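> coords below, sequence missing:
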């Protein structure tokens, strides 16, 4: 009897291979690692947002029990090492480069935000290091601080860096200003909106951690770190900071407990523990407390924007003009400059045919934690702006908000579609995702639900967004011309072992995405090898040839494509081996990926992949004159374009007018993420992204006091969504294939966080329509909503 | 230094600790049971939840010396000796209720206690409210709630095997 194995390839909702170790407590996160002879680091951090360091007295601390070393910026400078580099250079309108002040590993001369590292104590135990840090005495001259971007740009503002007069990092623009001016001049109507994209704190559940180690026998350094891209950390830290050549530096990012962007960047603690390990001759471990995460992990968003949309009498978009201030924080984090420029303004066409767009962005230094990419990175900011503006335009022009969107959609027959802001969309069907979402959310039946809620004394509202984003970053030559200081290809190796099992090495990194399963599914699908014979390895520069890591929903479009390219090479070589074994011409050998067998066309003569692998490793009967033994191939895949996931999100909310409390009652997502490898994982990614987007819309905000103290510095002050803050999220997909990568995939990691915030706020505004609300900034907290309702009620009573 | 004698996952240990040593530090650093995680410093996230004498407790806010004579179960002690998963572990896998896995041990330990203390069965809303002490940043809780709802049916004997998730 021929029993078919369950299908495990592309499209199957395979349960995850990685779950067993996580569910049994056998995950291995950085803080779980304990190296022989390991000692512990504690960082003394600035309590001031801006201060000059007059002196640091380390004597008492150095004499404390268990202390091996107390290291300061002066010690670091004495070793002649570098600061943390920035990976992306933006140019100003006038062509000059952005201001790029130094970012020291340990503060030198000045501290610039609360949390800036001033000294590092190394001791036998973590508690001893912490106790000794408390005995450090720092003489600060406190300076005026500035946290608000407009205040930072004002004349006379406190200056953070000598290198950046006026606290301006860059003044950048994109698009055709003259065309936009001309379109505004002939517009039937101009709709204006000022909005804030609230500053967020990523809060991956695993706090950052790092262990540095030095082996004097070999001169090799090892860094274990909570990173989304170990090779990038090796490159940056090795080449620019500690100047350790790559062959003497290994970076391991083992199991990583969530990232959402915050673990892309090269942080000073990684360099500090590696440097210190060499100095004290012992492995040095540091693990952040959550308080440290709040004040040292790169924050996200933090834009202030004025936008204007010009429309003709029919509601067709003629032009868009955008002015944005973007907060960089106190120093430039690794990819910070790219976020409010090429990951933001390039998305301002959205899914619409707006012919002319002009965006101006000023990036500003403030006495706050550095700001960088957080799930979506620039695209949520663009989407919130556009999808709010479209709703306001619909309201002001008296056109139905769904109809206004439809009127301006790029149609399926217009692809490839060149936007006026640099991107060329390859595929999509925006009306299809809209229609599917409207049906799934029962948009047509909403007014009955509103009326029913009103009878219960509740204000019910519905809102939608039709978003697009750009993923799969990115063609190296393109991003290079835009200022990236790296290539953005990905690397994959397929190693067929002599007995036919497969090891997959990928430069992408999984920290929740489930690559160990989805990447194995791709290999199973292409090579016909059962899933349990495939192991995916990631996160170690000693095992994987190279890689650029995981962010920007790039793992599958770029990393998955690299695996396909490597498998193409495997199959090509295996065909030649098969031809030899089967005594056939190579052109007559066909590969059946379902069966995993190589067959002579029109015959039943065949060899399995395992048989071919054995011949390749035991080459007794082998075309040794033509082919090298072995069956292992590596591919570097440089994408041809970005990918463009898009879709429609619909939120339904109920507001209690007595308290201003918003309850999310329904959420519907219909996303086009291209080909779906594992629908269970895609749904999980969307649900998680939506939770973060709903968090941004309703709950989360980072607040600083005027003098630079972080007010939202703990999980008691920063409102991370809990289970009872959220509702079930209905997820469906509608697929148009990406046209330029071999899998047809687009990426699904960020769509949830990008599409959802405007859908939620549009629903809140809709619920408050009787209160004359035109816009409400995020987060739409009870206090904010109650004030709106109360003001209107008071005015009516007066 | 004080000594504490306690039973962890069925095995008795006597350990020297500082007075300030937390239970989670004892588990992770002295016993090398690193499945129990620390996600915060304000007792908010629940990544450190273990069972002490059958009750779910945040081990980051429990002093080790308070656990003299206690019977503690951690995530490592849930599966049967032959490796058979606890129904809650099985449900988390079947319903894709974990992504990065960091909150998972605490989430599973909390969920088991929540279900055990509510033999009448929990509604979706009650499960959400019962997870008040556990944070997850990856899943949006959608699948965690479904997994717990499915696991309670097995744990209370209303189903012999876990209901499969709809694909």
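Received, thanks. Note that the coordinates shown come from a computational prediction; the quantities given were computed from them, not determined experimentally. Numbering: from 1, shown residues only, chains lettered A, B, ... in the order given.
> ok, for whichever residue of chain B sits closest to chain A, nearest residue in space, not its chain neighbours?
For chain B and chain A, the shortest gap (CB to the nearest CB) falls at residue B:35, measuring 2.0 Å. In this view, the C-beta of every residue, glycine as well, is placed from N, C-alpha and C. Nearest residue to residue B:35, sequence neighbours excluded (CB to CB, 6 or more residues apart in numbering or on different chains): residue A:25, at 2.0 Å.
> ok, the one you found - contacts?
Taking CB atoms under 8 Å, 6 or more residues apart in numbering or on different chains, we find residue A:25 in contact with B:33-36, B:74-76, B:105.
> give me the element it is part of.
Using DSSP states H and E, residue A:25 falls within no helix or strand.
> which pLDDT value does the model give it?
At residue A:25, the pLDDT value in this model is 97.
> same deal with residue A:4?
pLDDT at residue A:4 comes out at 54.
> stretch A:639-649 near chain B at all?
No. Stretch A:639-649 lies out of reach of chain B by CB under 8 Å from any CB of the partner chain, never closer than 13.2 Å.
> next, the buried residues of that stretch.
A:639, A:641-649 (16 or more other CB atoms under 10 Å in any protein chain shown).
> could you do stretch A:311-321 as well?
Neighbour-count burial for stretch A:311-321 flags A:311, A:315-321 (criterion: 16+ other CB under 10 Å).
> ok, of the residues you listed, which one's closest to chain B?
Distance to chain B across the buried residues of stretch A:311-321 (CB to the nearest CB) is lowest for residue A:320, with 31.6 Å.
> burial check on the nearest residue to residue B:146 once chain neighbours are set aside, number of neighbours?
Once flanking residues are discounted, residue B:146 sits nearest to residue B:95: 4.8 Å by CB to CB, 6+ apart. Number of residues near residue B:95 (other CB atoms under 10 Å in any protein chain shown) recorded here: 27.
> please report how far residue B:95 lies from residue A:13.
The gap separating residue B:95 from residue A:13 is 11 Å, by CB to CB, to the nearest Å.
> residue B:32 too?
35 Å.
> those two - which one has more neighbours?
residue A:13 (15 against 10).
> test my guess that that one contacts residue A:682.
No. Residue A:13 is beyond contact range of residue A:682, at 9.3 Å (criterion: CB atoms under 8 Å).
> which residues are in contact with both of these two?
With the criterion set as CB under 8 Å, 6+ apart, the contacts of residue A:13 and residue A:682 do not overlap.
> now the end-to-end length of stretch A:686-705.
One end of stretch A:686-705 sits 34 Å from the other (CA to CA, to the nearest Å).
> local confidence estimate at the residue nearest the centre of chain B?
Centroid-nearest residue in chain B: residue B:109, 1.7 Å away (criterion: CA atoms, centre = their mean). What the model reports as pLDDT for residue B:109 is 98.
> assign a three-state SS to residue A:793, would you?
Assigned with DSSP: H, G, I helix; E, B strand; the rest coil, residue A:793 falls in the helix class.
> mind checking how far stretch A:204-219 is from the chain centre?
In terms of CA atoms, centre = their mean, to the nearest Å, the centre of stretch A:204-219 is found 23 Å from the chain centre.
> sorry, back to before: now intersect the buried residues of stretch A:639-649 with the strands, please.
Within those, residues falling in strands by DSSP state E are A:646-649.
> from those, which is closest to chain B?
Using CB to the nearest CB, residue A:649 comes nearest to chain B of those, at 13.2 Å.
> domains for chain B, by residue range?
B:3-76, B:87-155 (automatic domain parsing).
> which of these is buried the deepest?
Ranked by mean neighbour count under mean count of other CB atoms under 10 Å in any protein chain shown, the domains of chain B are led by domain B:87-155, which reaches a mean of 24.
> what is the end-to-end distance of that one?
7 Å.
> check stretch A:692-702 too.
Using CA to CA, the two ends of stretch A:692-702 sit 14 Å apart.
> contacts for it next, please.
Residues contacting stretch A:692-702 (CB under 8 Å, 6+ apart): A:198-201, A:260, A:299, A:301-302, A:375, A:380, A:651, A:662, A:664, A:667, A:710, A:712, A:718-721, A:725-726, A:752-757, A:760-761, A:764, A:778-781, B:137, B:140.
> so which of those residues are in strands?
Per DSSP E, the subset of the contacts of stretch A:692-702 in strands is A:651, A:662, A:664, A:667.
> number of residues surrounding the closest residue to the last one other than its chain neighbours?
Right, residue A:667. Spatial nearest neighbour of residue A:667, chain neighbours left out: residue A:729 (4.7 Å); criterion: CB to CB, 6+ apart. Other residues near residue A:729 come to 26 when the count uses other CB under 10 Å.
> and the gap between residue A:518 and chain B?
As judged by CB to the nearest CB, to the nearest Å, residue A:518 and chain B stand 12 Å apart.
> residue A:58 now?
For residue A:58 relative to chain B (CB to the nearest CB), the value is 25 Å.
> what residues are up against that residue?
A:70, A:72, A:119, A:136.
> partner residues bridging the second one?
For residue A:72, the beta-bridge assignment (DSSP bridges) gives partners residue A:119.
> from chain B, how far off is it?
On the measure of CB to the nearest CB, residue A:72 and chain B end up 25 Å apart.
> quick check, that residue in contact with residue A:56.
Yes. Taking contacts as CB under 8 Å, residue A:72 lies within contact range of residue A:56: 5.3 Å.
> quick one: common contacting residues for those two?
Residues touching both residue A:72 and residue A:56 (CB under 8 Å, 6+ apart) are A:118-119.
> now for the ones in strands among the contacts of stretch A:692-702, which pair is the farthest apart?
A:662 and A:667 (12.6 Å; CB to CB).
> any idea how far the longest helix seen in chain A is from the chain center?
Longest helix of chain A, by residue count under DSSP state H: helix A:561-581. Relative to its chain's centre, helix A:561-581 lies at 34 Å (CA atoms, centre = their mean).
> mind listing what's buried in it?
Buried residues in helix A:561-581 (16+ other CB under 10 Å): A:561-567, A:570-571, A:573-581.
> show me the helices in chain B, by range?
Using DSSP H, the helices of chain B run over B:23-25, B:87-94, B:104-116, B:124-130, B:142-155.
> of the ones you listed, which approaches residue A:433 most closely?
Set against residue A:433 and scored by CB to CB, the helices of chain B come closest in helix B:142-155, at 20.2 Å.
> how about the helices in the stretch 651-798 of chain A?
Chain-ordered helices for the stretch 651-798 of chain A, with DSSP state H, counting those that start in this stretch as the definition, fall at A:679-694, A:751-767, A:782-797.
> list the buried ones in the first one?
Within helix A:679-694, the residues that count as buried by 16+ other CB under 10 Å are A:679-694.
> where does residue A:427 sit: helix, strand or coil?
Applying three-state DSSP: residue A:427 is coil.
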